[in-house]
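> take this sequence and fold it.
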Amino acid sequence: MSQSQSVTVDRSLAPAQPAHPGSPVDAADTAGSPGARRKKLFALLGGVIVVAGLAYAGYWHFIGSRYVSTDNAYTAAEDASITPDVSGIVTSVEVVDTQHVHKGDVLVVIDDTDTKLALAQAEAQVGLAERKVRGYLAVDAELNAQVDARIADEARMAAQLASAQADFDRATIDLKRRDALAHSGSVSGEELTNAQSAFASAQAALAAARASELQAKASHAAAIGSLDANKALVADTTVDTNPEVLLARAKRDQARVDLERTVLRAPFDGVVASRQVQVGQRVQPGASLMAVVPLDAVHVDANYKEIQLDNVRIGQPVELTSDLYGSKVVYHGKVAGLAGGAGSAFAMIPAQNATGNWIKVVQRLPVRIAIDPADLRAHPLGIGLSMEATVDTLGSDATPAS
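Predicted coordinates for the structure are as follows:
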């Protein structure tokens, strides 16, 4: 091989030469090192945390601190329990469960035979009472006449007593005279006997006159008493205003009311629920026959945690959604009131917290929310349905809770 011939060297087999410091190859190696990537990830994570913190702060300032929400909320209504006021046998039931009724519609009819008879008796008692009072008024005049007659009798008895007294005095004098003359023989024994008989007769007549006078006085007093008693029954009254007549008329009116109550009607518009009455059943006053639920007056009882209620006030606006219609239907309402205590305080068996194994549990306070009637008419709700309620605590209509 000649010296001028080129020699091919395989550079891939040559040892690598170190790069010059500051060269592009050194910068690329530094940027792709694990330490550099770790720094970038930490910087990115820090940025995400800062952004998340700012986002949460903004959410809490504009939304989180303003709205309080709960899904522990259910619809309710002031439903009417249909109960009879009179006893009897049910002859007709005009409705079934889930039926819509209007105010005044007939729900149940009770046999009215007994109440009709009671009304007839009460009306007869009114007539008797009116006639009785008219009798009192007529007797009043009669008793006044009797009092006058007893006064005249008393005067006559007084005159008779005076006459008897005079006869007795005369007979007494005649007897004394004849008795004095009898000792001297100037008067016969027969005259003395006649004088004694006249004295005894006059004495008896005087006693009878005194008794008659006492009887006349007693009759006079009795007549006055009867007159006073009768006056007490009719004093300051007429036939229409006399207490006996008013009592009889009140019983008649009660009988009429009982007759009307044999027909049970719907107290307001609503839906029939929980019907428990059947035709032929004998019902008693106060027995629950059915309920009428006013669907146009449904409200929501939302049970908020006690820690959520520091800014909740009566009148604040509320947005509600139901599981029945979903989030596509939003109801609008207002806070109508806050309960006077937590639900546990009114439980049948309240919690006994004064025990050694006490564990603190966040309590819930029922909040009543009134729903806009227009929303209820557009999308009716039954009672007991699940709702989600969100209160705007900065609502303009808010007033301090009482």
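> centroid-nearest residue for this structure?
Residue closest to the mean C-alpha point of the chain, counted by Cα atoms, centre = their mean, is Ala80 at 12.2 Å.
> bridging across strands, which residues link to it?
Going by DSSP bridges, Ala80 is paired in beta bridges with Val292.
> measure it to Gln281 for me?
Note on Ala80: its distance to Gln281, by Cβ to Cβ, to the nearest Å, is 20 Å. Glycine gets a C-beta too; all of them are placed from N, C-alpha and C.
> residues touching the residue nearest to the centre of the chain, list them.
Applying Cβ atoms under 8 Å, 6 or more residues apart in numbering to Ala80 gives the contacts Pro267, Phe268, Gly270, Ala291, Val292, Pro294.
> show me where this protein has helices.
24-31, 34-59, 113-182, 189-234, 243-260, 373-378 (DSSP state H).
> what would those helices look like in JSON lines with mean pLDDT, mean neighbour count and distance to Lys305?
Shown next, in JSON lines, are the helices of the chain (pLDDT from 0 to 100; neighbours: other Cβ atoms under 10 Å; distance: least, Cβ to Cβ, whole Å):
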{"stretch": "helix 24-31", "mean pLDDT": "50", "mean neighbour count": "10", "distance to Lys305": "53"}
{"stretch": "helix 34-59", "mean pLDDT": "80", "mean neighbour count": "10", "distance to Lys305": "19"}
{"stretch": "helix 113-182", "mean pLDDT": "79", "mean neighbour count": "15", "distance to Lys305": "54"}
{"stretch": "helix 189-234", "mean pLDDT": "73", "mean neighbour count": "15", "distance to Lys305": "71"}
{"stretch": "helix 243-260", "mean pLDDT": "93", "mean neighbour count": "16", "distance to Lys305": "50"}
{"stretch": "helix 373-378", "mean pLDDT": "92", "mean neighbour count": "12", "distance to Lys305": "26"}
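> now these as CSV including distance to Ile307?
Formatted as CSV, the helices of the chain follow (distance: least, Cβ to Cβ, whole Å):
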stretch, distance to Ile307
helix 24-31, 51
helix 34-59, 18
helix 113-182, 58
helix 189-234, 72
helix 243-260, 53
helix 373-378, 29
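> go through these and name the closest to Phe346.
Among the helices of the chain, the nearest to Phe346 by Cβ to Cβ is helix 373-378 (27.3 Å).
> distance between the closest one and the chain's centre?
28 Å (Cα atoms, centre = their mean, to the nearest Å).
> ditto for stretch 335-348
How far stretch 335-348 lies from its chain's middle: 20 Å, per Cα atoms, centre = their mean.
> buried set for that stretch?
Neighbour-count burial for stretch 335-348 flags Val335, Leu338, Ala342 (criterion: 16 or more other Cβ atoms under 10 Å).
> what's the answer for stretch 91-101, then?
For stretch 91-101, the neighbour count (16+ other Cβ under 10 Å) marks Val93, Glu94, Val95, Val101 as buried.
> export those to CSV and tack on distance to Arg364 and pLDDT?
Output for the buried residues of stretch 91-101, formatted as CSV (distance: Cβ to Cβ, whole Å; pLDDT from 0 to 100):
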residue, distance to Arg364, pLDDT
Val93, 40, 95
Glu94, 41, 95
Val95, 37, 95
Val101, 35, 95
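> packing partners for the lengthiest strand in the chain?
When the chain is parsed with DSSP state E, its longest strand is strand 326-338. Packing partners of strand 326-338 (3 or more Cβ pairs under 8 Å, 6 or more residues apart in numbering; DSSP states H and E): strand 299-305, strand 317-322, strand 364-371, helix 373-378.
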